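Asker: Would you be able to build a 3D model of this:
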Amino acid sequence: MVSKDQRRRQLAREKFERQQERRSTARRKAKRRNVIVAAAVAVALAAGAAAYASVGMAGDDRAAGNTAPSAAPDPCGRPAKGAPSTKTWKKEPAMSVDTAASYSVKLATTCGEIALKLDAGKAPHTVNSFAFLARQGYFDHSRCHRLVDQGIHVLQCGDPTATGKGTPGYTLPDENLKDPRLKGGVYPAGTVAMANTYDGQNEKTRNSGGSQFFLVYQDSELPPNYTPFGTITGGMDVLRKIADAGSTPDPQTRNTAPNATVVIDRATVAKS
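Answerer: Numbers count the residues shown, from 1 in each chain. Below you'll find the predicted structure:
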């Protein structure tokens with residue numbers, strides 16, 4: 001016959017096992033949720049990224065209610081005086097880019113200078129728009145609002161609202177999606193690509209690029225849905241410094257904002 005003390009210990013053990021099972025189930029659900037959120041955020045790129053990019057967030061402890069680790073010190077300086085652009089346009093700017101020429105970009109940021117080379121021959125609409133917006137001061141004083149530093153490795157900029165929803169008022173056609181550099185579903189380190197809102201399924205959501213672009217600072221697996229239109233020619237050390245400072249998820253915008261204060265003080269484009 002089981003004594004009261006033995007029965008009490010048995011009930012306590014069963015309760016403990018049920019608690020452990022619930023915690024294990026909660027951790028699995030949290031991990032799945034974080035993977036989905038991180039992939040969707042990955043490059044605002046599009047909701048379609050969630051279906052293709054295998055992105056995990058080191059956030060199981062945070063999801064379980066534990067305290068997040070303290071952020072690294074901000075490695076960047078103070079932004080220059082000025083306000084982000086509020087300009088929009090009803091249609092894509094007229095084509096004026098020289099597809100036989102080379103275009104260089106300097107992004108003077110609070111974290112250091114980042115230099116780009118744009119490929120007008122392979123992505124004329126995208127380069128034409130980028131050059132137009134830069135000359136209109138559209139990128140000046142705008143914050144780079146998204147950093148993905150796990151699974152894929154990109155810094156996203158080009159939205160004066162810093163919400164991930166900003167647009168110049170028009171959309172761009174997808175270009176150069178069969179670029180041979182995108183081998184094996186990988187955007188190599190140094191790629192400059194255009195974000196969009198393609199959902200991975202509905203073809204009507206294609207050709208939805210605008211002003212938001214992302215800088216790949218480490219080889220990243222992504223479906224070839226985002227127009228590659230240039231390369232990073234200088235400032236990879238700046239991007240690594242930004243990445244090393246980490247990011248913080250925003251549950252309202254679903255962005256993962258860089259902890260570093262990354263602001264484009266001025267963007268300039270030169271033809272050569």
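
Asker: How about the backbone phi and psi for Ala115?
Answerer: phi -110, psi 140 (degrees, to the nearest 10).

Asker: For it, list the residues it contacts.
Answerer: 104-107, 232-235 (Cβ atoms under 8 Å, 6 or more residues apart in numbering). The way it works is simple: take the backbone N, C-alpha and C, and place the C-beta from them, glycine included.

Asker: could you dump these to TSV with secondary structure, distance to Lys15 and neighbour count?
Answerer: Listed next are these as TSV, based on DSSP: H, G, I helix; E, B strand; the rest coil; distance: Cβ to Cβ, whole Å; neighbours: other Cβ atoms under 10 Å:
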residue	secondary structure	distance to Lys15	neighbour count
Ser104	strand	67	16
Val105	strand	62	22
Lys106	strand	64	17
Leu107	strand	58	25
Ile232	strand	56	21
Thr233	strand	62	14
Gly234	strand	61	15
Gly235	coil	57	21
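
Asker: so which of these comes closest to Gly158?
Answerer: Distance to Gly158, by Cβ to Cβ, is smallest for Leu107 among the contacts of Ala115, at 10.2 Å.

Asker: can you give me the end-to-end distance of stretch 157-165?
Answerer: 11 Å (Cα to Cα, to the nearest Å).

Asker: For Ser129, see how far away Pro93 is.
Answerer: 6 Å (Cβ to Cβ, to the nearest Å).

Asker: So for those two, which residue has more residues nearby?
Answerer: Neighbour count, other Cβ atoms under 10 Å: between Pro93 and Ser129, Ser129 has more, with 26 against 17.

Asker: Show me where the stretch 151-272 of the chain has its helices.
Answerer: All helices of the stretch 151-272 of the chain, identified by DSSP state H, counting those that start in this stretch, fall at 236-244.

Asker: in it, what spans have low per-residue confidence?
Answerer: 253 (pLDDT under 70).

Asker: Recalculate using a threshold of 50.
Answerer: Under the criterion pLDDT under 50, no range of the stretch 151-272 of the chain is flagged.

Asker: Just the buried residues of stretch 215-229, please?
Answerer: 215-218, 220, 222-229 (16 or more other Cβ atoms under 10 Å).

Asker: Just the element for Arg8, please.
Answerer: helix 4-41 (DSSP states H and E).

Asker: Could I get the contacts of Ala115 in a markdown table, plus columns for distance to Thr163?
Answerer: Output for the contacts of Ala115, formatted as a markdown table (distance: Cβ to Cβ, whole Å):
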| residue | distance to Thr163 |
| --- | --- |
| Ser104 | 29 |
| Val105 | 23 |
| Lys106 | 25 |
| Leu107 | 20 |
| Ile232 | 25 |
| Thr233 | 29 |
| Gly234 | 29 |
| Gly235 | 25 |
